[in-house]
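1. sequence and predicted model, in that order:
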Amino acid sequence: MKTIVSTVKGARDFYPQQMAIRNWLYHHITRVSRSYGYEEYDGPFLEKIELYAAKSGEELVKEQAFVFPDRGGELITLRPELTPSLARMVAQKQGELLYPLRWWSFGPFWRYEKPQKGRSREFFQWNIDLIGVDSPEADAELIAICADFFRAVGLAPDQVQVFVNDRQLMDAEFDRLGIPAELKKKALHLIDRREKMSPEAWKAYAAEEGFSDNMLAGLAELLEDKQTWKQSPRLTRVFEILKAAGAVDYVAYEPRIVRGLEYYTGVVFEAKEITKEGRSILGGGHYGNLVSDVGGDPLPGVGFAMGDMMIQVVLEKFGLLPAAGGTPAEILVTVFDESLSPESARLAADLRGAGLNVVTYPDAQKLPRQFKFADKIGVRFVLVVGPDEVMAGTATVKDLSERTQETVAREKVAEYIKTRLAG
RNA sequence: GUGGCUGUAGCUCAAUGGCGGAGCAUCGCACUGUGGAUGCGAGGGUUGUGGGUUCGACCCCCAUCAGCCACCCCA
């Protein structure tokens, strides 16, 4: 026992039960993505560190990426996010791709973080982007995809919400409040920090950063006003579209959402569980230029990313995770004794040929043990082929859930079971 | 990266510094052509790891690892 080598910190074993949940998530992600016409893609899991050097939050690469030298001495990074890879993939074929581009992906990422609930060092992430358009319709489409996904997994609008804001609206409001250009970035940061500090600490912090009392009062007011979006033609349009698309129940304007990543230039959004003001489930927004950092021509887009950990935390809280997997088999074929084991193998093969999932007991153990095993793994039907059945060309089919049993001609067994399964 | 809480059987948890236990689970038997129930029995532990204090450590101290929580940051 003591010699078992533990998993790498922050990495997870996927036992069948967890694997079933991962596949279930993947299934819904696939369906929603495809329903909007998005194509699946993926990038490499390993990238050169330079790819991340210029882009996306300095801290992400410097402090949170797994970086190691390969045997040739080159610094290799386990990808901490997908956007830079996506940017390269688009830039490499910028001229030949057909826009707008609708692409999605679900795969593993690594970040050297301190693991806790809803956060590990190896996680899966859904990335989805609409590239090559700049319209509010595009923003609305991605937000509607969030809403559709939540609906698909059973989350209701009173459980999760997509909170939306527009950085350009904030920018205009900053102008109105007399906040100079050099303070705007700090102002966004200040908004981001508002909920994490007491009002006093927040004010002190703001004063330290160079904000006047007037600006501060204006900012505080801006954060309380849930109607400001009406000043923004873009947000007005986004909400109009979301209403028409039947997604607006899941969406709300929220001035406190500004998002940390600097490449967002327009609409930004973040989904949260609303009952506890929890951590964000997913986040995204509009970026003005995806590919310039990797040498392409300016190309706008909108996208979001959702990690697999937080969504599972939320789904579990609301009892929405699918029931544990168990065996995919419907049938267990017992082995009466060693001499008749080929009969069982033949019957099992026939049933598999008919499209059924069949477990054979791998040993000529006593029948009670085989039945007990069948019960525990959760198959519905147990088949017995003993001397009597072989003589008569039949098989005995016991339905564990109905507690009934019938002896059926061998060639009719598959049909018999299918009928019972359908009924 | 910072601060805090917790590590005892497969799981959930007990055990004043003095013989490490229970429930559930597992396995066996009652029960050689039929599962769940019941009864009886069995196996399972370097008390996360490594040091220290002590006549004696699951218990106290130090370190370390892991999990969780709050920051940081974000998904």
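-> Perfect, I can see it now.
2. what residue ranges in the stretch 301-423 of chain A score low on pLDDT?
-> Counting by pLDDT under 70, the ranges of the stretch 301-423 of chain A that qualify are A:324-325.
3. interface residues of it facing RNA strand B?
-> Within the stretch 301-423 of chain A, the positions adjacent to RNA strand B are A:305-307, A:309-310, A:336, A:366-369, A:371-372, A:374-376, A:382, A:384, A:386-389, A:396, A:398, A:400-401, A:403, A:405 by Cβ under 7 Å from any atom of the strand. Heads up, the C-betas are built off the backbone N, CA and C, glycines and all.
4. are any of those residues buried, and which?
-> Neighbour-count burial (16 or more other Cβ atoms under 10 Å) is assigned, among those, to A:305-307, A:309-310, A:336, A:367, A:371, A:374, A:382, A:384, A:386, A:389, A:396, A:398, A:400.
5. can you tell me the SS state at A:Gln405?
-> Here A:Gln405 is recorded as strand under DSSP: H, G, I helix; E, B strand; the rest coil.
6. that one reaches A:Val397, doesn't it?
-> Yes - counting by Cβ atoms under 8 Å, A:Gln405 touches A:Val397, with 6.8 Å between them.
7. name the residues contacting each of the two.
-> Common neighbours of A:Gln405 and A:Val397, counting by Cβ atoms under 8 Å, 6 or more residues apart in numbering, are absent.
8. just checking, next helix/strand downstream of the host helix or strand of A:Ala271?
-> A:Ala271 belongs to strand A:264-273 when elements are defined using DSSP states H and E. Note on strand A:264-273: by DSSP H and E, the next helix or strand toward the C-terminus is strand A:280-287.
9. got the angle between that next one and strand A:264-273?
-> Relative orientation of strand A:280-287 versus strand A:264-273 (axes from the mean of the first three to the mean of the last three Cα atoms, to 10 degrees): 160 degrees.
10. hmm, strand A:280-287 in reach of RNA strand B?
-> Yes - remark: strand A:280-287 sits within contact range of RNA strand B at A:280-283, by Cβ under 7 Å from any atom of the strand.
11. by neighbours, which of the residues you listed wins?
-> Of all the residues of strand A:280-287 next to RNA strand B, A:Ile281 has the most neighbours under the rule other Cβ atoms under 10 Å, reaching 26 neighbours.
12. touching, that one and A:Glu273? I think so.
-> Yes - proximity of A:Ile281 to A:Glu273 meets the contact threshold set by Cβ under 8 Å, at 6.8 Å.
13. which residues do those two both contact?
-> Listed as contacting both A:Ile281 and A:Glu273 by Cβ under 8 Å, 6+ apart are A:160, A:314.
14. spell out the secondary structure type for the closest residue to A:Gly178 other than its chain neighbours.
-> Closest residue to A:Gly178 apart from its sequence neighbours, by Cβ to Cβ, 6 or more residues apart in numbering: A:Met215 at 6.5 Å. For A:Met215, the assignment made with three-state DSSP gives helix.
15. residue contacts, A:Met215?
-> A:177-179, A:183, A:187, A:206.
16. the same query, at a cut-off of 7 Å, please.
-> By Cβ atoms under 7 Å, 6 or more residues apart in numbering, the contact set of A:Met215 is A:177-179.
17. narrow those residues to those that are buried.
-> By 16+ other Cβ under 10 Å, the contacts of A:Met215 give A:177, A:179 as buried.
18. what's the closest of the contacts of A:Met215 to RNA strand B?
-> Distances from RNA strand B to the contacts of A:Met215, taken as Cβ to the nearest atom of the strand, are shortest for A:Ile179 (19.7 Å).
19. residue contacts, the closest one?
-> Contacts were defined as Cβ under 7 Å, 6+ apart; by that measure A:Ile179 touches A:187, A:215.
20. in a strand, it, correct?
-> No - per three-state DSSP, A:Ile179 lies outside any strand segment and is coil.
21. from memory A:Cys146 sits against A:Lys272, does it?
-> No - checked against Cβ atoms under 7 Å, the pair A:Cys146 and A:Lys272 is beyond contact range at 11.2 Å.
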